[in-house]
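# Generate a structure from the sequence data that follows.
(3 chains)
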Amino acid sequence: MYVAVKGGERAIDNAHDWLAEERRGDPSVAELSVAQIREQLALAVNRVMAEGSLQDADLAALAIKQARGDLIEAIFLIRAYRTTLPRFGATEAVDTGAMACDRRISATFKDLPGGQVLGPTFDYTHRLIDFALAAEGTPPEQPGPEAPEGAEQPMPRVMEFLNREGLIETPEPGEETPRDVTREPLELPADRALRLQVLSRADEGFLLSLAYSTQRGYARNHPFVGELRIGTVPLEMEVPELGFSVEIGEIALTECETVNQFTGSKSEPPQFTRGYGLVFGQSERKAISMALVDRALRWEELGEDDQGAPAQDTEFVLYHADNIQATGFLEHIKLPHYVDFQSELELVRKLRRESATRPAREAEECA
Amino acid sequence: MQAHTLEGGFAAPPREAAQAFRSLMEAMARPGTIHALAGASPPAPLSPAAGAVLLTLVDGTTPVHLAGAADCAEVRQWLAFHTGAPVVGPAEAAFALGTWEALAPLDRFALGTPEYPDRSATLIVELPHLAAEGAVLSGPGIETTAALSLPETRAFSENRRHYPLGRDFLFTCGARLAALPRSTEVR
Amino acid sequence: MEEPNAETAARKVRMGRLAKAPEGRVAALLDACLDRPGFDWLRAPEIGSVMVRGRAGGTGQPFNLGEVTVTRCALRLASGEVGHAYLKGRRKADAEAAALVDALMQTDAAARLQSGVLEVLEDEARTARASRAARAATTKVDFFTMVRGED
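Below you'll find the predicted structure:
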């Protein structure tokens, strides 16, 4: 049983004041601006937007500043802000095939039309600390590289090329209004649309671990990165009072499609199957993880065996993927639980008394 | 789109919507009491109170059914601009609006489910006359009994039988409002 | 709705262009073209969210990806024309400028705004897109097949 407690206002106020001072750190060091965080810690900002499930870079940067760099705390702030916003509607489904790509690679199709475009990637860095960055100077202006002719060519989906023989499953297009986990409680069974929403806002670390577990053999499904693309797409939404749709801006997304070997099942012919990841911002570790976990969760609709792997357990994955739900439940146990504890103490004392007075019976039960 | 269907919303939406929400809460919490609810100027045949209810409670995620004369182009456009709510048939409606005659029969509207009793319809009934007289109300939020000029009593005692499922009712007349939640007994 | 298709199509293009302009740009171009006329708010700028949808596998069933912040407003000029704006982000001043241009495009000022605002925005967007694509193209690689692994 819980007990309501009162008081502590002064202590709480003082704690908040101290928190504000600690947030600022040494006042002789220049204060960070929100714009600096937005521009120079962009991947942290992207993560807060993806897991906060709200795309607004300035807001995410401010949340990171307020949370002293604790990203889960920042995501919490974004989620809380999100609930105060009136919902104007939904966009039409974005066309990632028409993405203006900064990066676009395929691990399965070497000579893809449009080419392999690395973009601003860490992939081929040596992971050596660059002490030049500690010098805090502006790097010398590099002359921009020569722009090749016809840079703006379309980059069609790799899967469409691979599928010329029809050996890859093709998703069924549809126009159903998808269920929305921000508007109704998460109920099982969860269709793929609902699973993808939960995965897209899921904790990156949790998804990464689950995805890694599938690679190591728990629900092994042999994934290859069919295509990974990062870039911007326009957002278009129907405006009820106008009766037509308009573009409201552009959004950066990371999309990953995996190709998985599949030997066929009772319901499906042998073919390649696909996993899908789509995440706000530049967030490729998350997008790849999402695609692997999406594929693992599809075992039932593809008629595969349940190997009892964690990544195949829809309930386990969906109910534990959200870091705000998780941290809320986890961290509340440090808040005052005085009466619980008193009653627990009473219980332990009682059990001890009982066991002390009936040692013989206890011994019998153990035997 | 006609320009006048773009008017008639709250002048200061956050404050007026909060005040209207408070009136709605009071009306729901004390069934039978009558509250002023102004600030909206919807197109005919909607009353100002019904307009204020829509502006306060309805948005793009709450499907609305317009019954009878309330279902006209002007109301649809006004609703679209100010709330973005989709207009739907009775079975899918979270809110329904019309006169008592236009809303009948009530069994067209959602009752809720045992898991989610909240997934029922709220009916906004436009009445020509609203006064604290007539049918006798009792139950939660009423100290002894209250009286309200309901269009009939049988439909409400029938609704009460489904509790905790059931539809909730808001009665609007001019710039005034009363409410009858599913928990109220009507004689 | 009541508008003929060509007008609707033009309006759709211009609202998109105005929404995608960088912060402050529409206001700067508008003010360089003409003095802002008086207007009444039909809907003062308000901030809300819009749910972004994706598709499973890129082309399959739609799903909810997450929300974006959006600012919208509607206004009416003294001469009666109504302008709307819907744009991504929390940008009330930008929404006001975009709605003003949308309304003024229905008046005599249309030609001036077409060349002084909309065409400029289109050129700037095209240049930005091309330079981004060119930057990306410099990171295009050709992998040479050295040895085909036996698997």
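# Could you use CA atoms for every contact and neighbour count after this?
Fine.
# Name all residues that make contact with the residue positioned nearest the centre of chain B.
Centroid-nearest residue in chain B: residue B:124, 2.3 Å away (criterion: CA atoms, centre = their mean). By CA atoms under 8 Å, 6 or more residues apart in numbering or on different chains, the residues touching residue B:124 are B:50, B:95, B:96, B:97, B:98, B:169, B:170, B:171, B:172.
# what about the strands in chain B?
Ranges of strands within chain B are B:35-36, B:64-66, B:95-99, B:122-126, B:135-138, B:146-148, B:168-173, B:176-180, B:185-186, based on DSSP state E.
# try chain C
C:39-55, C:62-77, C:82-88, C:140-141.
# Show me where chain B has its helices.
Secondary structure of chain B by DSSP state H: the helices cover B:13-29, B:48-57, B:73-82, B:100-103, B:154-160.
# circling back to that earlier point, top of the contacts of residue B:124 by neighbour count?
residue B:172 (32 neighbours; other CA atoms under 10 Å in any protein chain shown).
# nearest spatial neighbour of it, skipping sequence neighbours?
residue B:126 (4.9 Å; CA to CA, 6 or more residues apart in numbering or on different chains).
# just checking, that neighbour touches residue B:176?
No: counting by CA atoms under 8 Å, residue B:126 stays clear of residue B:176, with 10.3 Å between them.
# and those two? which has more neighbours close in?
Each of residue B:126 and residue B:176 has its neighbours counted (other CA under 10 Å); residue B:126 has more, 26 against 19.
# Where do the domain boundaries of chain A fall?
What automatic domain parsing lists as the domains of chain A is A:9-82, A:96-120+A:154-170+A:180-327.
# Comparing the ones you listed, which comes out most buried?
Most buried of those, by mean neighbour count (mean count of other CA atoms under 10 Å in any protein chain shown): domain A:96-120+A:154-170+A:180-327, with a mean of 20.
# still on that earlier bit, export the helices of chain B to TSV and tack on mean pLDDT and distance to residue C:113?
Converted to TSV, the helices of chain B look like this (pLDDT from 0 to 100; distance: least, CA to CA, whole Å):
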stretch	mean pLDDT	distance to residue C:113
helix B:13-29	92	32
helix B:48-57	93	35
helix B:73-82	91	27
helix B:100-103	92	50
helix B:154-160	90	60
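# The residue in chain B positioned nearest to chain A and chain C, how far apart?
At 4.8 Å from chain A, residue B:81 is the closest residue in chain B, using CA to the nearest CA. According to CA to the nearest CA, to the nearest Å, residue B:81 stands 9 Å off from chain C.
# Please name the residues that touch that residue.
Neighbouring residues of residue B:81 by CA under 8 Å, 6+ apart: A:240, A:241, B:5, B:6.
# neighbouring contacts of stretch A:71-89?
A:44, A:47-49, A:51-54, A:59-60, A:63-64, A:66-67, A:237-238, A:323-324, B:59-61, B:84, C:47-51.
# how far does that stretch sit from the chain's center?
Stretch A:71-89 has its average C-alpha position 15 Å from the chain's average C-alpha position, going by CA atoms, centre = their mean, to the nearest Å.
# for the record, mean pLDDT for it?
Averaging pLDDT along stretch A:71-89 gives 94.
# got the contact list for the most centrally placed residue in chain C?
Centroid-nearest residue in chain C: residue C:19, 2.5 Å away (criterion: CA atoms, centre = their mean). Each residue near residue C:19 by CA under 8 Å, 6+ apart is listed here: A:247, A:248, A:249, C:85, C:86, C:87, C:88, C:95, C:98.
# do you know how far it is from residue C:113?
Between residue C:19 and residue C:113 the distance is 15 Å, computed by CA to CA, to the nearest Å.
# one step back: so which of the strands of chain C is nearest chain B?
Counting by CA to the nearest CA, and looking across all of the strands of chain C, nearest comes strand C:39-55 at 6.1 Å.
# Quick one: mean pLDDT for that closest one?
94.
# near chain C, which residues of the stretch 151-300 of chain A?
Residues of the stretch 151-300 of chain A lying close to chain C (CA under 8 Å from any CA of the partner chain) are A:151-152, A:171-180, A:192-194, A:196-197, A:200-201, A:235, A:242-250, A:257, A:274-280.
# Tell me which of those fall in helices.
Short answer: these in helices (DSSP H) are A:192, A:193, A:194, A:196, A:197, A:200.
# Give me the pLDDT for the last one.
Read it as residue A:200. At residue A:200, the pLDDT value in this model is 96.
# what's the most distant pair in the contacts of residue B:81?
A:240 and B:5 (12.8 Å; CA to CA).
# got the contact list for residue A:300?
Contacts of residue A:300 by CA under 8 Å, 6+ apart are residue A:306.
# returning to that earlier point: where's the residue nearest to the centre of chain B relative to chain C, distance?
Plainly put, residue B:124 is 25 Å away from chain C if you go by CA to the nearest CA.
# One more: residue A:27?
Taking CA to the nearest CA as the measure, residue A:27 falls 31 Å from chain C.
# Wait, a helix at that residue?
No: with DSSP: H, G, I helix; E, B strand; the rest coil as the criterion, residue A:27 is assigned coil and is not in a helix.
# quick one: it and residue A:274, what's the gap?
When distance is defined by CA to CA, residue A:27 is 52 Å away from residue A:274.
# Also residue B:181?
Here the criterion is CA to CA. By it, residue B:181 lies 50 Å from residue A:274.
# With residue B:138 instead?
60 Å.
# Which residues are in contact with the nearest residue to residue C:54 once chain neighbours are set aside?
The shortest distance from residue C:54 to any non-neighbouring residue, by CA to CA, 6+ apart, is to residue A:93 (4.7 Å). By CA under 8 Å, 6+ apart, the residues touching residue A:93 are C:52, C:53, C:54, C:55, C:62, C:63.
# related to what we said a few turns ago, state the pLDDT value of the residue nearest to the centre of chain C.
pLDDT for residue C:19: 95.
# Repeat that for residue A:362.
56.
# swap in residue A:342?
76.
# count of residues packed around it?
12.
# what's the spacing between the one helix or strand it maps to and its chain's center?
Using DSSP states H and E, residue A:342 sits in helix A:338-357. Centroid separation for helix A:338-357 versus its chain: 43 Å, with CA atoms, centre = their mean.
# The helix or strand harbouring residue A:23: what's the following helix or strand?
Here residue A:23, judged by DSSP H and E, is contained in helix A:9-24. Once helix A:9-24 ends, the next helix or strand along the chain (criterion: DSSP H and E) is helix A:34-40.
# So residue A:47 sits against residue A:283, correct?
Yes: contact criterion CA under 8 Å: residue A:47 and residue A:283 qualify, at 7.0 Å.
# Tell me what the closest residue to residue B:129 other than its chain neighbours is bridged to.
Distances taken as CA to CA, 6+ apart place residue B:173 nearest to residue B:129, at 6.4 Å, with adjacent residues excluded. Under DSSP bridges, the beta-bridge partners of residue B:173 are residue B:176.
# For residue B:173, grab the count of nearby residues.
There are 21 residues near residue B:173, going by other CA under 10 Å.
# OK, contacts around it?
With CA under 8 Å, 6+ apart, residue B:173 has these contacts: B:47, B:49, B:50, B:126, B:127, B:128, B:129, B:130.
# Tell me how far residue A:58 lies from residue A:38.
Distance of residue A:58 to residue A:38, computed by CA to CA: 6 Å.
# Show me where chain A has its strands.
Under DSSP E, chain A gives strands at A:54-55, A:87-90, A:100-105, A:116-117, A:223-239, A:244-260, A:273-280.
# Check which helices and strands the fifth one sits against.
Here strand A:223-239 touches strand A:87-90, strand A:100-105, helix A:158-162, strand A:244-260, helix A:284-297, going by 3 or more CA pairs under 8 Å, 6 or more residues apart in numbering or on different chains; DSSP states H and E.
# Output that strand as CSV, restricted to C-alpha atoms.
Output of strand A:223-239 as CSV, limited to C-alpha atoms (Å, rounded to 0.1, in the frame of the first residue of the first chain):
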residue,chain,number,x,y,z
PRO,A,223,20.5,-10.9,-43.0
PHE,A,224,22.3,-8.9,-45.7
VAL,A,225,21.9,-5.2,-46.1
GLY,A,226,20.1,-5.0,-49.4
GLU,A,227,20.1,-1.2,-49.2
LEU,A,228,20.8,1.5,-46.7
ARG,A,229,19.8,5.1,-47.7
ILE,A,230,20.0,8.3,-45.8
GLY,A,231,18.5,11.5,-47.2
THR,A,232,15.5,13.8,-47.3
VAL,A,233,12.0,13.3,-48.5
PRO,A,234,9.2,15.8,-48.8
LEU,A,235,6.2,15.6,-46.4
GLU,A,236,2.8,16.0,-47.8
MET,A,237,-0.4,16.1,-45.9
GLU,A,238,-4.1,16.5,-46.7
VAL,A,239,-5.4,19.8,-45.4
